[in-house]
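[1] sequence plus the predicted model coming up.
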Amino acid sequence: MRDVLADWQPVIDDAIAEVLPREIDEQYLADFFGAPTYAYDPDAIQQALSDPIWELLDRGGKRWRAVLAAQLFEGFGADPTDYLQYAIIPEILHNGTIIVDDVEDGASKRRGGPALHLEYGTDIALNAGNAMYFLPLKIITRNGGDLDAETRLEIYEMLMYELNRTHLGQGMDIWWHNEKEIQATEAEYCEMGACKTGCIGRIVARLPAIITGQTNEVEQRVAEYAEQMSIAFQIGDDILDIEHTLDQAGEFGKEFGNDIREGKKTLMAIHAAEHASASDTARLEEILWADTNTDEEIMEAIEIYQSAGSIDYARERAEAMARQARERLPDEQLDPAIAERLAAFTRFVIERDK
Ligand SMILES: CC(C)=CCC/C(C)=C/CC/C(C)=C/COP(=O)(O)OP(=O)(O)O
């Protein structure tokens, strides 16, 4: 899977640059924002909008959402290189959400650099993040000649549904973080993950299905594949936060143990609250609910997760969801070689180390 991602990354990056040029000029302004007026100063828009967007994009990112969309186009019998402008839509949306998420989480680092709001200010970061929800949608109308009106409407309805639910999931996550004493259940965590992380995964899968004219049933199956895989990915993300913390013990400072520092109700926190001893549960709550934590407290919380078996449990659940994702693939509708690659994605989400 690493090879597939590495082969595709430059192709995806070129396609993103084609749709969202780095340099703002009169043509870009006219394409995206309508007829230029005195208020549209290309230099100002460059610095306030394009530079922060490209700062984040140029720092990398795995681009797996766009690569997966391209694979699905291919799986449905289309030449993916003809559809790259659509495959990158969920990737740009995802990049927008992480800018906003970093503001909401008070994160300090992103992709090896400062979080965007620390570099550009919260106002510019939020505006750039929000713009990334809308700029890629222009592709659907700008290349409207490729898609008939019915397909465009179907895409818009799908995007509105999935993006609204992304915010529903994020809202649940924020609410649990603010209302520390609420106990979330595993089912609620999965629902939150299915919305917060899974809905952009569903866009990855539904876009190629709609554009290549698949049946509702096939669209539904690939959406469920991507949703289950995204929940597994989210659990994997929570585990990586712990593993990176353990790797960096002694020098992790503010950058690691973020989920514990923020009192996040990860699957591990939920499992430990139900399975740790009464005294460990009480101590874990003290740490998770505190406004600030020392590095020692972060390590203490991780030890409680370990002794309650919560990290192993989260890993098992992620593996089970990745297997379920695999079972949702409509193999009979897919090119077998591509079906195998789509199955490999379900392993990648749980085996990745970054
Ligand atoms: C509405 C709103 C703000 C929602 C936020 C949703 C959100 C940020 C969910 C987390 C998803 C996630 C695990 C991101 C890391 O992806 P990745 O490891 O693929 O990141 P990469 O692109 O850097 O590789």
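    Ah, there it is.

[2] so who does the closest residue to L329 other than its chain neighbours touch?
    Once flanking residues are discounted, L329 sits nearest to Y225: 5.3 Å by C-beta to C-beta, 6 or more residues apart in numbering. In short, each C-beta sits where N, CA and C put it, glycine included. Counting by C-beta atoms under 8 Å, 6 or more residues apart in numbering, Y225 makes contact with A205, A325, R326, R328, L329, L342, T346.

[3] let's go with 7 Å and repeat that
    Residues in contact with Y225 (C-beta atoms under 7 Å, 6 or more residues apart in numbering) are A205, A325, R328, L329.

[4] what does L147 give?
    By C-beta under 7 Å, 6+ apart, the contact set of L147 is I140, I211.

[5] measure it to I155 for me?
    Going from L147 to I155 by C-beta to C-beta, to the nearest Å gives 7 Å.

[6] could you do E191 as well?
    E191 is 25 Å from I155, by C-beta to C-beta.

[7] compare neighbour counts for these two and give me the winner.
    Legend: neighbour count by other C-beta atoms under 10 Å for E191 and I155, higher for I155 (21 against 17).

[8] and the more buried one, that one's in a helix?
    Yes. Residue assignment for I155, taken from DSSP: H, G, I helix; E, B strand; the rest coil, places it within a helix.

[9] and the stretch 101-250 of the chain, which residues reach the ligand?
    Residues of the stretch 101-250 of the chain found near the ligand (C-beta under 6 Å from any ligand atom) are D101, R111, T166, H167, Q170, K196, T197, F233, Q234, D237.

[10] as TSV, the residues you listed with pLDDT, secondary structure and neighbour count would be great.
    Below are those laid out as TSV (pLDDT from 0 to 100; DSSP: H, G, I helix; E, B strand; the rest coil; neighbours: other C-beta atoms under 10 Å):
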residue	pLDDT	secondary structure	neighbour count
D101	96	helix	17
R111	92	coil	16
T166	98	helix	22
H167	98	helix	16
Q170	97	helix	19
K196	97	helix	24
T197	97	coil	24
F233	95	helix	25
Q234	95	helix	25
D237	91	helix	16
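
[11] who wins for most neighbours among the contacts of Y225?
    Within the contacts of Y225, most neighbours by other C-beta under 10 Å means A205, with 28 neighbours.

[12] CA atoms only for the helix or strand harbouring it, dumped as CSV, please.
    Element membership of A205 [criterion: DSSP states H and E] is helix 198-211. What follows is helix 198-211, C-alpha atoms only, in CSV (Å, rounded to 0.1, in the frame of the first residue of the first chain):
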residue,chain,number,x,y,z
GLY,A,198,-16.4,8.4,8.3
CYS,A,199,-18.4,11.0,6.4
ILE,A,200,-15.4,12.3,4.4
GLY,A,201,-14.6,8.6,3.8
ARG,A,202,-18.1,8.1,2.5
ILE,A,203,-17.6,11.0,0.1
VAL,A,204,-14.4,9.3,-1.1
ALA,A,205,-16.5,6.3,-2.0
ARG,A,206,-19.8,7.8,-3.1
LEU,A,207,-18.3,10.3,-5.6
PRO,A,208,-16.8,7.7,-7.9
ALA,A,209,-20.0,5.5,-7.5
ILE,A,210,-22.3,8.4,-8.5
ILE,A,211,-20.1,9.8,-11.3
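
[13] shaky segments in the stretch 151-300 of the chain?
    Within the stretch 151-300 of the chain, the segments meeting pLDDT under 70 span 249-255.

[14] which residues in it form helices?
    Remark: helices assigned in the stretch 151-300 of the chain by DSSP state H, counting those that start in this stretch are 186-196, 198-211, 216-247, 258-261, 267-275, 278-289, 295-307.

[15] which of those helices is buried the deepest?
    helix 198-211 (a mean of 26; mean count of other C-beta atoms under 10 Å).

[16] residues near whatever residue of the stretch 251-354 of the chain ends up closest to the ligand, how many?
    Using C-beta to the nearest ligand atom, K354 is the residue of the stretch 251-354 of the chain that sits closest to the ligand, at 7.4 Å. Using other C-beta under 10 Å, the number of residues around K354 comes to 7.

[17] repeat for G213
    11.

[18] what's near enough to touch it?
    Listed by C-beta under 7 Å, 6+ apart, G213 has no contact partners.

[19] and K265, its phi and psi?
    With angles defined as degrees, to the nearest 10, K265 sits at phi -90, psi 80.

[20] isn't it up against Q183?
    No. The pair K265 / Q183 is not scored as a contact, 8.2 Å apart, by C-beta atoms under 7 Å.

[21] out of these two, which sits in the more crowded spot?
    Using other C-beta under 10 Å, the more surrounded residue of K265 and Q183 is K265, with 25 against 12.

[22] ok, and the closest non-adjacent residue to the residue of the stretch 251-354 of the chain closest to the ligand?
    Per C-beta to C-beta, 6+ apart, closest to K354 is L240, 7.2 Å.

[23] residue contacts, A314?
    With contact taken as C-beta under 7 Å, 6+ apart, A314 is in contact with I235, D238, I239, L267, M268, H271.

[24] before we move on, what about H271?
    Counting by C-beta under 7 Å, 6+ apart, H271 makes contact with A308, S310, Y313, A314.

[25] I'd like the residues you listed as CSV, with distance to the ligand and secondary structure appended.
    Compiled in CSV, those are given as follows (distance: C-beta to the nearest ligand atom, whole Å; DSSP: H, G, I helix; E, B strand; the rest coil):
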residue, distance to the ligand, secondary structure
A308, 23, coil
S310, 19, helix
Y313, 19, helix
A314, 14, helix
